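Chemist: Got a predicted structure here, sequence first:
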Amino acid sequence: MMNSALIESLTGKDWGLLIKGQSKASSDQSWHTVFSPATGKPIARVAAATPKDVDEAVQHAKTAFTSWSALPGAEREKIIRKATAHVRTQADHIGGLMALEQGKPFAQSRGEVTSSCDLIDYYAAEAVRVEGYVNSTEKNNLYSWVIYQPVGVCGLITPWNYPVSLLSWKLGPALATGCTVVVKPTEVTPLSPLAFCQALIEGGIPAGVINVVMGSGAVGAALVEHPAVAKVAMTGSTHTGKKIMAAVAGQLKKVSLELGGHCPAIVCADADIDNAAEIIAYKGFRNMGQSCSSVNRVYAHASIHDELIEKICAKAEKMSIGDGVIEGNCDLGPMTTAETLQKVERHVADALAKGAQLHTGGAKPAGDQYQTGHYYTPTVLSKVNRDMLVMYEETFGPVVPVDSFDHINEAIHKANDSTFGLCAYLFTRDFATTMQVSQALESGTVCVNNGAVNTAYAPYEGWKDSGFGFELSRKAIFEYLKTKHVKVGF
Ligand SMILES: NC(=O)c1ccc[n+]([C@@H]2O[C@H](COP(=O)([O-])OP(=O)(O)OC[C@H]3O[C@@H](n4cnc5c(N)ncnc54)[C@H](O)[C@@H]3O)[C@@H](O)[C@H]2O)c1
Ligand SMILES: C[N+](C)(C)CC=O
C-alpha cells in the first residue's frame, strides 16, 4: 500500500526531458498533463519534446555510443548490474508512479519494476557472450571470421499497459550490446518509465547512454525518422506499427515491432477444467485485460463449455477491484484510459445486440467510489460468433467471450481465423493433441496448460499483424547487433 507521504512526494510535480543525464524543459516550454485513471485528476506534468529536443537527445546518444560501445562486455555488465541494484531501491517510488498513472495496483506495479530489473540483469550477463565464429575457407592462406557489433543509437518507443516492463525488454539487450538509446514512452504513462531511466542513470549508467523524450506520437515519429537512429524497437498498436514501417522505408533502418494481439484459448474435453478456468481468468482479466497476450476468445469443447463458463465466472466474481494506489493489493484497478473503457463498452454492447449471452460483469462495479474512474467488471460472454467485434478486434479490456466446438479441427480453424498471431493457449492432457494443435496454431507463442507467456529465456515474436522482430531470450540480442564478415588473405 502507498502511504500518503509517498503519494504526496510523487504528485503535483513538473518532470523534464532526460537528456545527457540532465532533466530539462522542452525547447518551446510546452508541457503535457498526466491524469489519474482512478480519479480523473491531474497527477503531474511532463515536458513535451519538440523535434529540436529529439535531435539533441539523439546527438548525445550518438556521442555516448563511442565510449559505451568500446567498453569490454564485462565492464558493461558490472555497470548495468550496479544500476539495476540502485533501481530496486527506488521500486516504491517508480511503482508508485505506475500505480498512479496506469491504474495497476501498487503491488503489481512495484513487481513490474523489480522484474524489469531482473530482465535487464539477464541481458547484462549476455554482454560477455556476444561471440563471433571462424569459418573454414577455400584456401590455407585465407582466413574468415564473423563478428557482431552494436548497431548504434536505438529509438525505443513504448506503450502504456506495461510501461516499465516493455521498456526493459528493449533496454536490456540494447545496453548489453553497447548501443545507446533515446526512449519515447507513451504520453499516457510517461512518469514510471522516465523515473526508471533516471534511476538507472543515478545508479551509474553514463550520461548520454540513456535519454528520454516525452510527448505524443509526433515525437515518436521524429525519433523514427531521425537519420542518426540506426534501429527502432516499438511496442504498440498495429496501426502505429504500420506507420513506423512506412516512415522507415526511405531509410532502411533496423526495426522490430511488437504489436496487437487477439489471443485464442482452446479448451479440450480432457483438460483440467479448474486449471483452464484459473489461467483464462488470470490472462483475461489481469491488468484489466490490457495486455497484448490477454486471452481474447475461448473455444471450449461442447461437453465442458457450461462447466468452464461457471468456473471462469466464479474466479471473475472473486476478483477485488479498487483504486490500486490506496488498495495496493487489490486484484484489479481502473482501466488506464477513457477511450479503452469506451471500446470495451462498445464491444460488449455490440456482442449483446448480436445475440451474445452475458454471464457476469458487463457494467461498471456498483458503488460511488467506482463512478469517476475508468472501472469495469470482469465480463464473461457466451453464444458469441465471428460477426461480433469482440471476436476479431483487439478489445484490450477485461472481457472473455466463450464459443464452443465439437471437433478439434473446428477449434484450430476458428483460432487461426484472425489477422493477429501473437499468443495462443491450449488446454489438454493429451500429448498427440498438444503436438498437433501447437504445430497448427498460427501464433508466435503457444502455451499449453499454462499462461506464462513471457520468460527471459524464450523468444517472443508476433506473426501476421502482431509484428516481427524478437524480444526476450538471446535472440533479442541480435536485434541490436550488426553482423560483419572479415576475410583476410596473407
Ligand atoms: N506485442 C506486444 O508485445 C505488445 C505488448 C503490449 C502492448 N501491445 C499493443 O500496444 C497497444 C496499446 O498501446 P498504445 O495504445 O500505447 O499503442 P500506440 O500504438 O498508440 O502507441 C505506442 C507508442 O507509439 C507512439 N507513437 C504513436 N504514433 C507514432 C508514430 N507515428 N511514430 C512513432 N511512434 C508513434 C506512441 O506515442 C506510444 O509511445 C495495443 O494494441 C497492444 O496490443 C503489444
Ligand atoms: C506480455 N506483457 C504482459 C508483459 C505485456 C503485454 O502487453
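Modeler: Nice, thanks for sending it over. All figures in this text were calculated on a predicted structure; none of them were measured in a lab. Numbering: from 1, shown residues only. Ligands and ions are numbered 1, 2, ... in the order given.
Chemist: Need the pLDDT of the closest residue to residue 55 other than its chain neighbours.
Modeler: Nearest residue to residue 55 in three dimensions, chain neighbours excluded: residue 226, at 6.8 Å (C-beta to C-beta, 6 or more residues apart in numbering). Glycine gets a C-beta too; all of them are placed from N, C-alpha and C. pLDDT, residue 226: 98.
Chemist: Let me know how buried residue 226 is, in neighbour terms.
Modeler: 23 (other C-beta atoms under 10 Å).
Chemist: same thing with the one 10 residues further on?
Modeler: For residue 236, the number of neighbouring residues by other C-beta under 10 Å comes to 24.
Chemist: which residues sit in contact with it?
Modeler: 157, 158, 159, 186, 258, 259 (C-beta atoms under 8 Å, 6 or more residues apart in numbering).
Chemist: Wait, the residue nearest to residue 55 touches residue 56, no?
Modeler: No: using C-beta atoms under 8 Å, residue 226 is not in contact with residue 56, being 10.9 Å away.
Chemist: what's the closest non-adjacent residue to residue 311?
Modeler: Among residues not flanking residue 311 along the chain, residue 277 sits closest, at 3.4 Å (C-beta to C-beta, 6+ apart).
Chemist: Near that neighbour, how many residues? Count them for me, please.
Modeler: Counted with other C-beta under 10 Å, residue 277 comes out at 24.
Chemist: for residue 70, same thing?
Modeler: When neighbours are counted by other C-beta under 10 Å, residue 70 registers 9.
Chemist: And the one 10 residues further on, by the same measure?
Modeler: For residue 80, the count of nearby residues is 26 (other C-beta under 10 Å).
Chemist: ok, it - contacts?
Modeler: 120, 121, 123, 124, 127, 175, 176, 205.
Chemist: Can you tell me how far it is from residue 481?
Modeler: 17 Å (C-beta to C-beta, to the nearest Å).
Chemist: cool, and residue 394?
Modeler: Between residue 394 and residue 481 the computed distance is 32 Å (C-beta to C-beta).
Chemist: One more: residue 457?
Modeler: Residue 457 is 19 Å from residue 481, by C-beta to C-beta.
Chemist: between those two, who's got more neighbours?
Modeler: In this view residue 457 and residue 481 are compared by other C-beta under 10 Å, and residue 481 has more residues nearby, 19 against 8.
Chemist: Okay, and the beta partners of that one?
Modeler: With DSSP bridges as the criterion, residue 481 is bridged to residue 150.
Chemist: how much space between it and residue 254?
Modeler: Here residue 481 is placed at a distance of 9 Å from residue 254 (C-beta to C-beta).
Chemist: Overlap in contacts, these two.
Modeler: Residues touching both residue 481 and residue 254 (C-beta under 8 Å, 6+ apart): residue 151.
Chemist: roughly how far is stretch 209-224 from the heart of the chain?
Modeler: Using C-alpha atoms, centre = their mean, to the nearest Å, the distance from the centre of stretch 209-224 to the centre of the chain it belongs to is 17 Å.
Chemist: Got phi/psi on the residue nearest to residue 55?
Modeler: The phi and psi torsions at residue 226 (degrees, to the nearest 10) take the values phi -70, psi 130.
Chemist: Contacts only, for it.
Modeler: 54, 55, 58, 155.
Chemist: which of these sit farthest apart?
Modeler: 55 and 155 (12.3 Å; C-beta to C-beta).
Chemist: what does the chain put close to ligand 2?
Modeler: With C-beta under 6 Å from any ligand atom as the criterion, the chain meets ligand 2 at residues 161, 162, 165, 291, 292, 293, 453, 454.
Chemist: out of those, which is most surrounded?
Modeler: Compared across the residues of the chain next to ligand 2, residue 292 has the highest neighbour count, 29 neighbours, by other C-beta under 10 Å.
Chemist: That one is in contact with residue 257, isn't it?
Modeler: No: with contacts counted by C-beta under 8 Å, residue 292 stays clear of residue 257, the gap being 11.6 Å.
Chemist: Show me the common contact partners of those two, please.
Modeler: residue 235.
Chemist: Among the contacts of residue 226, the buried ones, what's the ChimeraX command?
Modeler: Applying 16 or more other C-beta atoms under 10 Å to the contacts of residue 226 leaves a buried subset, and the ChimeraX line that selects it is:
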select :54,55,58,155
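Chemist: just checking, which of the contacts of residue 226 belong to strands?
Modeler: Within those, residues falling in strands by DSSP state E are residue 155.
Chemist: which one of the contacts of residue 226 is nearest ligand 2?
Modeler: residue 155 (19.7 Å; C-beta to the nearest ligand atom).
Chemist: for the stretch 201-350 of the chain, what spans make up the strands?
Modeler: For the stretch 201-350 of the chain, the strands defined by DSSP state E, counting those that start in this stretch cover 210-212, 229-235, 254-258, 263-267, 295-301.
Chemist: Same list, the ones you listed, but as a markdown table with mean neighbour count and mean pLDDT please.
Modeler: Listed next are these as a markdown table, based on neighbours: other C-beta atoms under 10 Å; pLDDT from 0 to 100:
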| stretch | mean neighbour count | mean pLDDT |
| --- | --- | --- |
| strand 210-212 | 29 | 98 |
| strand 229-235 | 26 | 98 |
| strand 254-258 | 23 | 98 |
| strand 263-267 | 28 | 98 |
| strand 295-301 | 27 | 98 |
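Chemist: Columns distance to ligand 1 on top of those, output as JSON lines?
Modeler: Formatted as JSON lines, these follow (distance: least, C-beta to the nearest ligand atom, whole Å):
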{"stretch": "strand 210-212", "distance to ligand 1": "12"}
{"stretch": "strand 229-235", "distance to ligand 1": "5"}
{"stretch": "strand 254-258", "distance to ligand 1": "3"}
{"stretch": "strand 263-267", "distance to ligand 1": "10"}
{"stretch": "strand 295-301", "distance to ligand 1": "10"}
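Chemist: and of those, who's closest to residue 76?
Modeler: In terms of C-beta to C-beta, the element of the strands of the stretch 201-350 of the chain nearest to residue 76 is strand 210-212, at 12.9 Å.
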